[in-house]
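Chemist: Provided below for reference: sequence and predicted model.
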Amino acid sequence: MHAAWLPPEAWRAIGTRPARVDGEGLLVQTVLDELNAAHAAFGGGPGAPQLVLALSPTADGGPEGYSLGRSDGVTTVLAEAPAGLLYGLFHVVRLGEAAFADDFPATVHRPVHARRMLDHWDNVDRHPVMGQVERGYSGGSIFWRDGVALRDEARVKAYARLVAATGINAVAVNNVNVHATEAHLLTDRLDEVAWLADVFRPYGIRVHLSVSFNAPMLLGGLPTADPLDPSVAAWWAAVTKNVYDAIPDFGGYVVKADSEGQPGPFGYGRSHADGANVLADALAPYGGVVHWRAFVYNHRQDWRDRSTDRARAAYDHFAPLDGQFRDNVILQVKYGPIDFQTREPVSPVIAAMARTRVAVELQVTQEYTGQQQHVCYLGPQWSETLSFPLAEPRTVSELSTGGLVAVSNVGDDEYWTGHPLAQANLYAFGRLAWDPTLSPSAVLDEWISLTFPGAEAVLRETLHAMMDHSWRTYELYTAPLGVGFMVKPHYHYGPDIDGYEYSPWGTYHFADRDGIGVDRTRATGTGYTGQYPPPWCDIYESLSTCPDELLLFFHHVPYGHVLHSGKTVIQHIYDTHFEGVERVRALRPLWERVAGLVDPALHARVAERLDEQLRCAIEWRDQINTYFYRKSGVPDAHGRTIYA
Ligand code: GCU
């Protein structure tokens, strides 16, 4: 398995310097073990310490923060709690030699988000349709295979170490779609979760579990899972006590309820606050939390019905419940109102829950962004989302009071993420969850330095050239102007413009011979713009102020509509799709330049995916351009090839 961003060489600066560690506890032991391993590798040993890591009650930084500085030839990390020492150590790794060069004043570093969580959509059984990992593009699960717990300690430990180095401190180990086998992780297969918790614990990571809302019936033999039934509450309390007996630092439950076929409180005529609170009450005595997902919508919509708008659903369900959730309920809201599209406005739910803890959910796994076949560095998307002033002046990150969550992209693939460059997305999520104000390009630079220690300038420049704008490139050759989808149904890879147009999923573009887009205005459409606080409710409502990149998400316009860019919609579609392919075409020659500078097997893996990306981008370009040429009859102003 690939060392990702912690190859031995990344530890050279530390491994050659004598160090001292003051403190006790499990995580302090981890720090010692890491230092010992680095010293063993690089011959560093006894002597006057040049690196000191010490617990100190007066260190500022809270439960996970630390101060880091260098004076008189000694680099010092001080922390109030052991987790801070571990994060401080990884900071020193990131700095490398710079940590031991000139003196620098001590500064305090503390995470912006208290909980920084990865959700695994891993199944215990190989699901007949979704496979071992739902929306997984990196092979099988690192936890389970074909119904059996793998208990691959080396692998899980390596993963814990990698993600801890980015700042992750929580992992949900199983799919939010909880099938029959996986439901048992809560009770008779709890030992499998406890085993994982034991491996994650030394890296400061707590384990969470996705549970079925119907568990009292499925596992407990109760006649109902009605959250207001006292026997149901008692069952959850008893089961949760057992969980904490086995895993004293268990993080809590993740629940996908009344969503895409999963059971939920609606089945018992109860609200989502009732549903979430029964679990919250069971967890509260132990300090656990429920991540209750807001991804609730009608997935059996009739495409003929123009009054139902999937984008509205989460707000319509949850905004009226604000104030009714227990303190240890965290409403987990996807960043956009639809489903992890390449471009969506941010979800208005994030601003609608002033009295509820909210965690924004991002998707590291590239379900809709090229499935780890395409280079698509998502740092810029997340940075843009998190810094968006949704409830001015408060940003999405500031409104995300319950932490940040993302769906992991990891599998048992030797590069962890299928596409080796997709490792950067996993790295970036952790770093941005720790500090959302970091620049995505600087984060990418960190990833490059760690992953390719001593990278020559040409390698660094090449990776930046390939990755910095790769999200934008992906957007150029796929669905235009925020309209979303147009992907192959079920797989969500490659173009199928009408694939979802007459489906029950509520994701339509409404293209006809005159125009395209979804009218979500209050004036003439579904009224979705009204879910936003000012000024966004007005900015999105008006054609004159709606940003180009979201135009078709909010408006249905004629092909001749002129964008702020000065181009018509149809010419924009043609231009972006030609440009997108040319940008992808440039990637392979760039990558060839660095053939001798990276491991040949890694080089070959990336090269093979770049070829697939180009094939797929061309397919997107030609299907999109031809489709809209046929619909509109408007030729390309530059006379390029469009297959009529
Ligand atoms: C998407 C994805 C599903 C997943 C769902 C979710 O719809 O395609 O596979 O289960 O999101 O987030 O629950």
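Modeler: Structure received. The structure displayed is predicted, hence computed values, not measured ones.
Chemist: could you give me the average pLDDT of stretch 299-318?
Modeler: Throughout stretch 299-318, pLDDT has a mean value of 96.
Chemist: Show me what from the protein comes close to the ligand.
Modeler: Proximity of the chain to the ligand (Cβ under 6 Å from any ligand atom) is limited to residues Glu134, Arg135, Val176, Asn177, Lys256, Glu260, Phe295, Asp339, Glu367. In short, each C-beta sits where N, CA and C put it, glycine included.
Chemist: show me what contacts Thr240?
Modeler: Going by Cβ atoms under 8 Å, 6 or more residues apart in numbering, Thr240 touches Ala282, Leu283, Tyr286, Gly288.
Chemist: where does the second one land in three-state SS?
Modeler: Looking back up the chat, that one is Leu283. Under DSSP: H, G, I helix; E, B strand; the rest coil, the three-state class of Leu283 is helix.
Chemist: since we're on it, how many residues are nearby?
Modeler: By other Cβ atoms under 10 Å, 23 other residues sit near Leu283.
Chemist: re the thing from before, quick check: the two most widely separated of the residues of the chain next to the ligand?
Modeler: The distance between the two most remote of the residues of the chain next to the ligand (Cβ to Cβ) is 15.3 Å, for Lys256 and Glu367.
Chemist: Could you point out the longest helix of this structure?
Modeler: Longest helix of the chain, by residue count under DSSP state H: helix 600-632.
Chemist: helices or strands next to that one in the packing?
Modeler: Applying 3 or more Cβ pairs under 8 Å, 6 or more residues apart in numbering; DSSP states H and E, we find helix 600-632 packed against helix 470-477, helix 569-585, helix 587-593.
Chemist: got the buried residues for the shortest one?
Modeler: The one in question is helix 587-593. By neighbour count on 16 or more other Cβ atoms under 10 Å, the buried set for helix 587-593 is Leu587, Trp591.
Chemist: now swap in stretch 526-537 and tell me
Modeler: Using 16+ other Cβ under 10 Å as the test for burial, stretch 526-537 gives Thr526, Gly527, Tyr528, Thr529, Gln531, Tyr532, Trp536.
Chemist: Could you point out which of these is nearest to the ligand?
Modeler: Among the buried residues of stretch 526-537, Tyr528 lies closest to the ligand (Cβ to the nearest ligand atom), at 18.9 Å.
Chemist: The one residue in the stretch 451-600 of the chain that gets nearest to the ligand in helix, strand or coil?
Modeler: Using Cβ to the nearest ligand atom, the closest approach of the stretch 451-600 of the chain to the ligand is made by His492 at 6.4 Å. At His492 the chain is in coil, as set by three-state DSSP.
Chemist: need the contact list for it.
Modeler: Per Cβ under 8 Å, 6+ apart, neighbours of His492: Arg135, Glu367, Tyr368, Gln371.
Chemist: Check the spacing between it and Arg135 real quick.
Modeler: Counting by Cβ to Cβ, to the nearest Å, the gap from His492 to Arg135 is 8 Å.
Chemist: what touches both of those two?
Modeler: Jointly contacting His492 and Arg135 under the rule Cβ under 8 Å, 6+ apart are Glu367.
Chemist: What are the phi and psi values at Ser542?
Modeler: Backbone torsions of Ser542, given as degrees, to the nearest 10, read phi -100, psi 130.
Chemist: if we can go back for a sec, can you tell me which of the contacts of His492 has the most neighbours?
Modeler: Neighbour counts for the contacts of His492, by other Cβ under 10 Å, peak at Gln371, which reaches 25 neighbours.
Chemist: Spell out which residues sit in contact with that one, please.
Modeler: Contact partners of Gln371, counting by Cβ under 8 Å, 6+ apart, are Tyr137, Gly418, His492, Tyr493.
Chemist: How many residues are close by His419?
Modeler: With other Cβ under 10 Å as criterion, His419 counts 28.
Chemist: Tell me who's in contact with it.
Modeler: Each residue near His419 by Cβ under 8 Å, 6+ apart is listed here: Tyr137, Gln372, Gln373, His374, Val375, Arg605, Val606, Arg609.
Chemist: For PyMOL, write a command that selects the buried ones of the residues of the chain next to the ligand.
Modeler: Listed next is the PyMOL selection for buried residues among those, using 16+ other Cβ under 10 Å:
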select buried, resi 134+135+176+177+256+295+339+367
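Chemist: quick one: average pLDDT of the longest helix of the chain?
Modeler: Averaging pLDDT along helix 600-632 yields 98.
Chemist: and if you look at stretch 33-49?
Modeler: Here stretch 33-49 scores 93 as its mean pLDDT.
Chemist: now do stretch 244-263
Modeler: Rounded mean pLDDT across stretch 244-263 is 98.
Chemist: now do stretch 168-176
Modeler: Averaged across stretch 168-176, pLDDT comes to 98.
Chemist: With stretch 11-23 instead?
Modeler: For stretch 11-23, mean pLDDT is 97.
Chemist: which residues touch it?
Modeler: 28, 31-32, 34-35, 37-55, 82, 85, 89, 92-93, 95-97, 99-100, 453.
Chemist: Show the buried residues in the residues you listed.
Modeler: With burial judged by 16+ other Cβ under 10 Å, the buried subset of those is 28, 31-32, 34-35, 38-39, 42, 44, 49-51, 53-55, 82, 85, 89, 92-93, 95-96, 99-100, 453.
Chemist: Can you give me the end-to-end span of stretch 208-217?
Modeler: One end of stretch 208-217 to the other measures 21 Å (Cα to Cα, to the nearest Å).
Chemist: same thing with stretch 538-548?
Modeler: Stretch 538-548: ends 15 Å apart by Cα to Cα.
Chemist: Would you mind listing the buried residues in that stretch?
Modeler: Quick answer for stretch 538-548 (16+ other Cβ under 10 Å): Ile539, Tyr540, Glu541, Cys546, Pro547.
Chemist: Could you dump those residues into TSV with secondary structure added?
Modeler: Converted to TSV, the buried residues of stretch 538-548 look like this (three-state DSSP):
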residue	secondary structure
Ile539	helix
Tyr540	helix
Glu541	helix
Cys546	coil
Pro547	coil
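Chemist: What is the nearest of these to Asp152?
Modeler: Using Cβ to Cβ, Pro547 comes nearest to Asp152 of the buried residues of stretch 538-548, at 46.2 Å.
Chemist: How about the contacts made by that closest one?
Modeler: Shown in contact with Pro547 (Cβ under 8 Å, 6+ apart): Ile539, His564.
Chemist: That one and Asp512, how far apart?
Modeler: For Pro547 relative to Asp512 (Cβ to Cβ), the value is 24 Å.
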